[in-house]
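Engineer: Build me a model from this:
(2 chains)
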Amino acid sequence: MIGVLSSLSEDLVAIVAKAGPAVVRVEARRRFPASGIVWSSDAVIVTAHHVVEQEDNIRIALSDGQTIPATLIGRDPATDVAALRAQVSGLTPPVWAEPDSLRVGHLVLALSRPGKTVHATLGIVSALGEGWTTPVGGRVDHYLQADVGLYPGFSGGPLVNAEGHILGLNTLALLRGIPITVPSPTVRRIVEGLLADGRIRRGFLGVGTQPVRLPSPVAQQLGQETGLLIVSVAPGSGAEKAGLLLGDTIVNLGGQPMRHMDDIMVFLGDVQMGTKLPIRILRGGRLRELSATVGERP
Amino acid sequence: MATVLQELNVEMAAVVEEVEHSLVQVNSYGGGTGAGTIWHPDGLVITNAHVVRRSPLTVSGIDGRILPARVLAYDEVNDLAALAIDASGLSPIKLGDSRRLKVGQLVVALGNPFGVRGAATAGVIIGVGPVWPETPGVAREWVVVNLHLRPGYSGGPLFDVNGRLVGINTMVTAPDIGMAVPIHVAKKFLNDSLRSQVVA
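Structural biologist: Just a heads-up that it's a prediction; the model follows:
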């Protein structure tokens, strides 16, 4: 009789065998290599932005041992995703799973290929949440964290579910060493953007701000406690052209109250470049209305 | 009816209990302790070389006895040592095949961390092979495992879900990364060194 312990062990081995061939080695930095995932049969490879330290002489190693040159299609530091094109044809992309059916507690594996063979670590889904914005302003569709060990070379590799399908791309770089998985919808959106434009276009106003408490009469009038004090204005930006000045406090942008540190960045993430936005500011104790044109983040 | 998790617990406890009969504690001069694995019923124990550097040595954990141990063979490069103790009728561990280990496979390690006898930690095989980034020393063959080894596991058994020995727990290189000497390396060590002793 085969016990459940043996069955579990065999299932784990089968998952690695199923998803492993889509995991490639990415040689794009001087120290040891990292991992990547086959995206499409025409040899698009996704990996983590932070492991691509050189843009020339990138090499990819496949599961069959072949090492082939690759070029950088584009990268998005804000979500830590990069897309490469390997000079090979006929790759088999893995199945990417949507995170909808995933629950905290599910068993998952992290795979990598820092050497010739695929490597695996096991854990459970630790946290699963709504969309979030990374510290550098990338919108991620779900917060997905597993307690899988991510060791040198695991960044850019996949998190894999019990069916052997890819849940997303693992990285230690988005949240200062905390293992995070960029979920498949985000990877898809970023790769499609990189294939179309070579970069991810994000809105830019051109102000540096910090949150400040509003004077109480203004706070009462607006129904918000805080606003964003302008501490820098980028030369030539939409903010400068709109006449925003150091010392102004932004309280509203495009009809949305601006209260916290990331509010502007998060808001601009969904705004088309060239859009004209109304801005409400507090200057010299009085509320004023200006308008600014959204540019592209450099 | 038992859930799968309950069945897993029962089976995991059973395989740990079975292998525990083959686990010993190796005590070296000065109070250092490690683990050892019974290889042969007539008192052959395999452990790490780094566990037996300071003599005199004793082995405990068999019927509450403390037995003097003699180093039969020693291999600094592969970090292996064979000990002889004056005992018979011991429970040797079943031998597995470390060449057939698969990435993702479940394995369990036993040892005596900080003198706690028969502690267990389980995880999956991360990888197997000689080429390993960040491994100290020469390129050697390793079984690399995603489990929580601590001091005192050294020399103890790493085994599969059927209780078959696949490695000798040897060191930790990162949190929750354990490195074990594959059992085919240990077999070769015993064959080579014990045969040469007989010939000599």
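
Engineer: What helices and strands are in contact with the helix or strand bottoming out on mean pLDDT in chain B?
Structural biologist: Ranked by mean pLDDT, DSSP states H and E, the weakest helix or strand in chain B is helix B:183-199, scoring a mean of 85. Using 3 or more Cβ pairs under 8 Å, 6 or more residues apart in numbering or on different chains; DSSP states H and E, the elements in contact with helix B:183-199 are strand B:44-47, strand B:65-75, strand B:80-85, strand B:164-174. The way it works is simple: take the backbone N, C-alpha and C, and place the C-beta from them, glycine included.

Engineer: out of those strands, nearest to chain A?
Structural biologist: strand B:164-174 (5.9 Å; Cβ to the nearest Cβ).

Engineer: By neighbour count, which bits of stretch A:135-142 are buried? Give me those.
Structural biologist: Using 16 or more other Cβ atoms under 10 Å in any protein chain shown as the test for burial, stretch A:135-142 gives A:137-142.

Engineer: just the residues you listed that are near chain B?
Structural biologist: Among the buried residues of stretch A:135-142, no residue is within reach of chain B (Cβ under 8 Å from any Cβ of the partner chain).

Engineer: what's the closest of those residues to chain B?
Structural biologist: A:His142 (24.7 Å).

Engineer: Please identify the buried residues of the least confident helix or strand of chain B?
Structural biologist: Neighbour counts using 16+ other Cβ under 10 Å place B:183-187, B:189-190, B:193 of helix B:183-199 among the buried residues.

Engineer: chain center to it, what's the gap?
Structural biologist: Relative to its parent chain, helix B:183-199 has a centroid offset of 16 Å by Cα atoms, centre = their mean, to the nearest Å.

Engineer: would TSV of the helices and strands packed on helix B:183-199 with distance to chain A and mean pLDDT be doable?
Structural biologist: Shown next, in TSV, are these (distance: least, Cβ to the nearest Cβ, whole Å; pLDDT from 0 to 100):
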stretch	distance to chain A	mean pLDDT
strand B:44-47	24	97
strand B:65-75	25	94
strand B:80-85	24	96
strand B:164-174	6	94
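
Engineer: hey, which of these is tucked in deepest?
Structural biologist: Burial of the helices and strands packed on helix B:183-199 is given as mean neighbour count (mean count of other Cβ atoms under 10 Å in any protein chain shown); strand B:44-47 ranks first at a mean of 26.

Engineer: Break the chain down into its structural domains.
Structural biologist: Because you didn't say which chain, this covers chain A. A:1-200, A:203-296 (automatic domain parsing).

Engineer: Hmm, no, I was thinking of chain B.
Structural biologist: B:4-85, B:94-186.

Engineer: Chain B: helices as residue ranges?
Structural biologist: For chain B, the helices defined by DSSP state H cover B:4-20, B:183-199.

Engineer: ok, which residues in chain B are in contact with chain A?
Structural biologist: Going by Cβ under 8 Å from any Cβ, the residues of chain B near chain A are B:4, B:7-8, B:11-12, B:15, B:102-106, B:123-129, B:131-134, B:144, B:146, B:160-162, B:174-177.

Engineer: which regions of the stretch 1-150 of chain A sit below the pLDDT cut-off?
Structural biologist: A:1 (pLDDT under 70).

Engineer: So which residues of it form strands?
Structural biologist: A:23-27, A:34-38, A:44-47, A:58-61, A:67-76, A:81-86, A:107-112, A:119-129, A:132-133, A:139-140, A:143-146 (DSSP state E, counting those that start in this stretch).

Engineer: which helices and strands does the fifth one pack with?
Structural biologist: With contacts defined as 3+ Cβ pairs under 8 Å, 6+ apart, the secondary structure elements packing on strand A:67-76 are strand A:58-61, strand A:81-86, helix A:184-197.

Engineer: of the ones you listed, which approaches B:Glu20 most closely?
Structural biologist: Judged by Cβ to Cβ, the one of the helices and strands packed on strand A:67-76 that comes nearest to B:Glu20 is strand A:58-61, at 42.0 Å.

Engineer: circling back: for the buried ones among the residues of chain B next to chain A, write the corresponding PyMOL selection.
Structural biologist: Buried residues among the residues of chain B next to chain A (16+ other Cβ under 10 Å), as a PyMOL selection:
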select buried, chain B and resi 7+8+11+12+15+102+103+104+105+106+123+124+125+126+127+128+129+132+144+146+160+161+176+177
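
Engineer: Select, out of the domains of chain A, the one closest to B:Gly96.
Structural biologist: domain A:1-200 (12.4 Å).

Engineer: any idea how far that closest one is from the chain center?
Structural biologist: 12 Å.

Engineer: With stretch B:168-186 instead?
Structural biologist: With Cα atoms, centre = their mean, you get 9 Å for stretch B:168-186.

Engineer: Please list the residues of the stretch 101-250 of chain A that sit near chain B.
Structural biologist: Counting by Cβ under 8 Å from any Cβ, the stretch 101-250 of chain A sits next to chain B at A:109, A:114-122, A:149, A:151-153.

Engineer: For chain B, which residues score under the pLDDT cut-off?
Structural biologist: Residues of chain B that meet the cut-off, pLDDT under 70, sit at B:1, B:131-139, B:197-200.

Engineer: A:Val251 contacts A:Leu214, correct?
Structural biologist: Yes. Using Cβ atoms under 8 Å, A:Val251 is in contact with A:Leu214, at 7.1 Å.

Engineer: ok, the two, which is more surrounded?
Structural biologist: Legend: neighbour count by other Cβ atoms under 10 Å in any protein chain shown for A:Val251 and A:Leu214, higher for A:Val251 (22 against 18).

Engineer: Could you pull out the residues contacting both of A:Val251 and A:Leu214?
Structural biologist: A:222, A:224, A:227, A:282 (Cβ atoms under 8 Å, 6 or more residues apart in numbering or on different chains).

Engineer: what sits against the third one?
Structural biologist: With contacts defined as Cβ under 8 Å, 6+ apart, A:Gly227 is in contact with A:211-212, A:214, A:249-251, A:258-259, A:282.

Engineer: Now a ChimeraX select for only the buried ones of those.
Structural biologist: Burial among those is assessed by 16+ other Cβ under 10 Å; the matching ChimeraX selection reads:
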select /A:211,214,249,250,251,258,259,282
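
Engineer: Now pLDDT and secondary structure too, for the contacts of A:Gly227, in CSV please.
Structural biologist: Putting the contacts of A:Gly227 into CSV (pLDDT from 0 to 100; DSSP: H, G, I helix; E, B strand; the rest coil) gives the following:
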residue, pLDDT, secondary structure
A:Pro211, 93, strand
A:Val212, 95, strand
A:Leu214, 95, coil
A:Thr249, 96, strand
A:Ile250, 96, strand
A:Val251, 96, strand
A:Met258, 95, coil
A:Arg259, 93, coil
A:Leu282, 95, strand
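
Engineer: List just the nearest of the contacts of A:Gly227 to chain B.
Structural biologist: Out of the contacts of A:Gly227, the member with the shortest distance to chain B (by Cβ to the nearest Cβ) is A:Pro211, at 36.4 Å.

Engineer: that older thread, biggest separation within the shared contacts of A:Val251 and A:Leu214, which pair?
Structural biologist: A:Gln224 and A:Leu282 (11.1 Å).

Engineer: list residues touching both of these two?
Structural biologist: A:214, A:251.

Engineer: Quick check: bridge partners of residue 178?
Structural biologist: All of this refers to chain A. A:Leu175 (DSSP bridges).

Engineer: if you could check chain B rather than the one you did, that'd help
Structural biologist: B:Val145, B:Val172.

Engineer: I'd assumed B:Arg150 was in contact with it.
Structural biologist: No. Assessed by Cβ under 8 Å, B:Gly178 is found out of contact with B:Arg150, at 9.4 Å.
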